[in-house]
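>>> fold the following for me, if possible:
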Amino acid sequence: MSLTTPTLETARLRLRPVADADADALYAMHSSAHVLRYWDSPPWADPSRAQRFIGASRQLAEDGTGVRLAVERDGRFLGWCSLSRWNPDYRSAALGYCLAEKAWGRGYATEAARALLDWAFGTLDLNRVQAETDTRNLASARVLEKLGFVREGTLREDCVVDGDVSDSWVYGLLRREWA
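Coordinates of the predicted model:
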């Protein structure tokens, strides 16, 4: 069962399906060691990764397992926000997001994620959304907490990227807490 990828509007942002025209901005963002310093994979070194990412974004919806939306303001690409691992039997999914450094500190991640969560809880009959963040990424932890997520635990030595071992926090948000 496929999912229709929505276009969502907030006071400042537009969330829309990821498009081929986003490739250069996606590569610039995902090739930045600074932006991806807390990520679970190394920065991209090959520009063709952007096209594979765009294809994978479309595949999420085609497979019916989630949606990934480009986040833009005034037509400028700021990053992306996604809902993945949607399981209608368990009524659960996972939230993810990544924004370019120029978009940090302005509340865009919270605003984009809130819009996606509103859509997801309203459309997919979710009971639970989970998110994970590197324990060193305090800004991402604040975004999740502002959205009402509760820190539920720590995945010890969860990621090894280029020999750097890190832990992840697991967050959960329940439908009754969202409403």
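
>>> ramachandran coordinates for the nearest residue to residue 16 once chain neighbours are set aside?
Using CB to CB, 6 or more residues apart in numbering and skipping the chain neighbours, the partner closest in space to residue 16 is residue 7 (4.6 Å). Just so you know, the C-beta spots here come from the backbone N, C-alpha and C atoms, and that holds for glycine as well. Here is the backbone geometry of residue 7 (degrees, to the nearest 10): phi -110, psi 130.

>>> now do residue 51
phi -70, psi -40.

>>> dump the residue contacts of it.
The contact partners of residue 51, by CB atoms under 8 Å, 6 or more residues apart in numbering, come to 20, 23.

>>> go on, residue 90?
Residue 90 sits in contact with 127, 128, where contact means CB under 8 Å, 6+ apart.

>>> distance of it from residue 130?
11 Å (CB to CB, to the nearest Å).

>>> which residue ranges form the strands in the chain?
Secondary structure of the chain (DSSP state E): strands located at 8-9, 14-17, 67-73, 76-87, 92-99, 128-134, 150-161, 164-174.

>>> residue 31: which of the ones you listed is closest?
Among the strands of the chain, strand 92-99 comes nearest to residue 31, with 12.2 Å by CB to CB.

>>> what's near enough to touch residue 35?
29, 43, 98, 100, 101.
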